[in-house]
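1. Attaching a predicted model along with its sequence, questions to come.
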Amino acid sequence: MNNAPSVACPVVRSRFQAAALVLTWLAGAFTTAGWLLLAPPDDVRPMLAVTAVLVAGLMATIDGIRGARGTLRWSGAQWFWQAQGACAKAPALVGTLGTVHDLQRHLLVQFRAESGAREWLWCSRTNSPEIWLAWRRAVFFRAPSDAPASVHPPPDPVAAS
């Protein structure tokens, strides 16, 4: 195959992302609570940590509610991001896609628009199981010119005697 197939993947709220954020926040909250119980009563640092944990939880909640939604599309030659919602009337952005985390059933990717804008997007198999394999092929496709050059030249198949 010379090229990855054209494919579009819907980007919606990710339950996986929400669960990861909640578990991470809970770990921080329990650690901070333990520190608060063991710290001297006049130490202000644990209270600052409690404030930081609460602010982080609030920011994660806001990000989950207002997170990026739309369609990420591979045309066979380039990537397009079409936001849904308030930005839906804006034209699709053209850019490049980089894989941040590959968890087989979930992909965290970063879309970098030519304009410089960046979007972190969670794509999950549960959103579109019928296109998931084609989607993964498109995400990991590298054009022959993008392939890294070999460090060592291939051995000569005919050895001189």
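-> Arrived safely. This structure is a prediction, so every number in the text was calculated from the model and none was measured.

2. Going by C-alpha atoms from here, please, whenever you check contacts or count neighbours.
-> Noted.

3. With residue 122 as the reference, measure out to residue 113.
-> 17 Å (CA to CA, to the nearest Å).

4. before we move on, what about residue 114?
-> For residue 114 relative to residue 122 (CA to CA), the value is 20 Å.

5. ok, these two, which is more surrounded?
-> Each of residue 114 and residue 122 has its neighbours counted (other CA atoms under 10 Å); residue 122 has more, 23 against 11.

6. was I right about that one contacting residue 109?
-> Yes. Under the criterion of CA atoms under 8 Å, residue 122 makes contact with residue 109 at 6.5 Å.

7. quick one, longest strand in the chain?
-> In terms of residue count, the longest strand belonging to the chain (DSSP state E) is strand 93-102.

8. Paired strands for that one, with orientation please.
-> Here strand 93-102 is paired, per DSSP bridges, with strand 79-83 (antiparallel), strand 106-113 (antiparallel).

9. Report the contact partners of residue 121.
-> For residue 121, the contact set (CA atoms under 8 Å, 6 or more residues apart in numbering) comprises 11, 68, 108, 109, 110, 111.

10. Please repeat the previous calculation with a cut-off of 6 Å.
-> For residue 121, the contact set (CA atoms under 6 Å, 6 or more residues apart in numbering) comprises 108, 109.
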